[in-house]
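Novice: based on what follows, work out the 3D shape:
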Amino acid sequence: MFEGDVMFKRWIVLAGLCTGLAALPSALAAQPVAAPAAPAAAPARAPLVLMTDFGTVDGAVSEVKGVAYGVSQDLLISDLSHQIDGIWDGAYRLYQVAPYWPKGTVFVTVVDPGVGTSRLSIGVRTRAGHYYIGPDNGLYTLIDEVEGIDEARVIDEKVNRLAGSEKSNTFHGRDVFGYTGARLASGTISWEQVGPKVDPAKLVRLSYQHPVLEAGVLKGMIPALDVAYGNVWTNVPQDLFAKAGFKLGDKVKVEFLNDGKVVDTVVAPYTRTFGDVPVGQPMVYINSLLSVAVALNQGDYAKAHGIKAGAGWSVRITRP
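Specialist: Below is the predicted model of the structure:
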């Protein structure tokens, strides 16, 4: 075969390939293309926030988290605090923290001196869309006032209890509340599956001094201390303070009472922030929750003056 014949045949082959390649897009277009598989739907879940009085020196908190992760390892678990000092403190810390958590958050709240007694194990749903799981002992007093309890249910422990824990009577935080809260937050159970309804009006409420303005005197209580700094918080809101006529720069007289007896009295200026007075000097200010508070600039007012917090601690605020 002559060299020219070989080149001619190669040209014929190449021409055929080019023709085939040119037709390839239309051929492919004629073929049905399978749509990409839709991603699997993620299971419904919500943040799970733990609040207890367990402390962190032993394994109690880790046990609760272990149970929760046993329900679902996809849970988003956060710690509110494990240093809660009594039922009132727990009620106030929920009031302090809950507004900053998204709708659907489940709070497991374990401050339960009556564990194992006839007190109810309950779940509470509020109009703000939060869920609270814990004992019926007054922990939800303030939450009811600020969010409104929409519905309450008694936990059905025949279903919502950690398997094998039935003989344990003193750790409902792990066996009932932690387990139920994890099941609810992970979407394993619906709200209706927590248990039967109970009338929210029948839940335990704590009594305390509500803020009032009477004859020019502001009355309230000390719900909590700003623990790290020793600032004394009251439950007197900024708008009621303003209604009493106080303006920045005014002198304010604050009396601190324990069970009705005056423990300490201070006269201090109403300021915006700590640095508006000399170091070591007292001041009255509006705290991060928009309530009246008293502090020492770079000092610990509560420690220096023997002030504590709780339902037995109250305040009177007047002009000097």
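
Novice: tell me where the stretch 101-250 of the chain has helices.
Specialist: Ranges of helices in the stretch 101-250 of the chain, per DSSP state H, counting those that start in this stretch, are 141-147, 172, 179-186, 238-243.

Novice: so which of those gets nearest Arg272?
Specialist: helix 238-243 (12.1 Å; CB to CB). Heads up, the C-betas are built off the backbone N, CA and C, glycines and all.

Novice: who's in contact with the closest one?
Specialist: 211, 213, 218, 286, 290-292, 317 (CB atoms under 8 Å, 6 or more residues apart in numbering).

Novice: again, only this time at 7 Å
Specialist: Outside helix 238-243, the residues within contact range by CB atoms under 7 Å, 6 or more residues apart in numbering are 211, 213, 218, 286, 290-292.

Novice: per-residue pLDDT of Leu24, please?
Specialist: Looking at Leu24, its pLDDT reads 40.

Novice: beyond the least confident helix or strand in the chain by mean pLDDT, next helix or strand please.
Specialist: When the helices and strands of the chain are scored by mean pLDDT, DSSP states H and E, helix 3-30 comes last with a mean of 44. Next helix or strand after helix 3-30 toward the C-terminus (DSSP states H and E): strand 47-52.

Novice: which elements pack onto the very next helix or strand once past that following strand?
Specialist: Note on strand 47-52: by DSSP H and E, the next helix or strand toward the C-terminus is helix 60-71. Judged by 3 or more CB pairs under 7 Å, 6 or more residues apart in numbering; DSSP states H and E, helix 60-71 is in contact with strand 47-52, helix 179-186.

Novice: among those, which is the most enclosed?
Specialist: helix 179-186 (a mean of 27; mean count of other CB atoms under 10 Å).

Novice: so where do the strands sit in the stretch 101-250 of the chain?
Specialist: Applying DSSP state E, counting those that start in this stretch to the stretch 101-250 of the chain gives strands spanning 106-110, 121-126, 131-135, 149-154, 197-198, 212-214, 217-222, 225-226, 231-237.

Novice: mean neighbour count added to these, as CSV?
Specialist: CSV is the format used below for the strands of the stretch 101-250 of the chain (neighbours: other CB atoms under 10 Å):
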stretch, mean neighbour count
strand 106-110, 27
strand 121-126, 23
strand 131-135, 27
strand 149-154, 18
strand 197-198, 14
strand 212-214, 12
strand 217-222, 21
strand 225-226, 20
strand 231-237, 24
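
Novice: want to throw those into JSON lines with mean pLDDT and distance to Asp250?
Specialist: Below are the strands of the stretch 101-250 of the chain laid out as JSON lines (pLDDT from 0 to 100; distance: least, CB to CB, whole Å):
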{"stretch": "strand 106-110", "mean pLDDT": "98", "distance to Asp250": "39"}
{"stretch": "strand 121-126", "mean pLDDT": "98", "distance to Asp250": "37"}
{"stretch": "strand 131-135", "mean pLDDT": "98", "distance to Asp250": "39"}
{"stretch": "strand 149-154", "mean pLDDT": "98", "distance to Asp250": "38"}
{"stretch": "strand 197-198", "mean pLDDT": "98", "distance to Asp250": "48"}
{"stretch": "strand 212-214", "mean pLDDT": "97", "distance to Asp250": "16"}
{"stretch": "strand 217-222", "mean pLDDT": "98", "distance to Asp250": "13"}
{"stretch": "strand 225-226", "mean pLDDT": "96", "distance to Asp250": "22"}
{"stretch": "strand 231-237", "mean pLDDT": "98", "distance to Asp250": "15"}
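
Novice: so which of those strands is nearest Asp85?
Specialist: strand 225-226 (9.9 Å).

Novice: sheet partners, orientation included, of that closest one?
Specialist: Partners of strand 225-226 in the sheet, by DSSP bridges, are strand 231-237 (antiparallel).

Novice: between the partner strand and strand 217-222, how many degrees?
Specialist: Strand 231-237 and strand 217-222 are oriented at 130 degrees to each other (axes from the mean of the first three to the mean of the last three CA atoms, to 10 degrees).

Novice: picking up where we left off before, which stretch among the helices of the stretch 101-250 of the chain comes nearest Thr126?
Specialist: Per CB to CB, nearest to Thr126 of the helices of the stretch 101-250 of the chain: helix 141-147, 3.8 Å.

Novice: tell me what that closest one is packed against?
Specialist: Helix 141-147 packs on helix 87-97, going by 3+ CB pairs under 7 Å, 6+ apart.

Novice: buried set for the helix it packs on?
Specialist: By 16 or more other CB atoms under 10 Å, the buried positions in helix 87-97 come out as 87-97.

Novice: for stretch 151-168, same thing?
Specialist: By 16+ other CB under 10 Å, the buried positions in stretch 151-168 come out as 151-153, 155-157, 160-162, 165.

Novice: contacting residues around that stretch?
Specialist: Taking CB under 7 Å, 6+ apart as the rule, stretch 151-168 contacts 67, 120-125, 174-176, 179-180, 183, 194-198, 200, 203.
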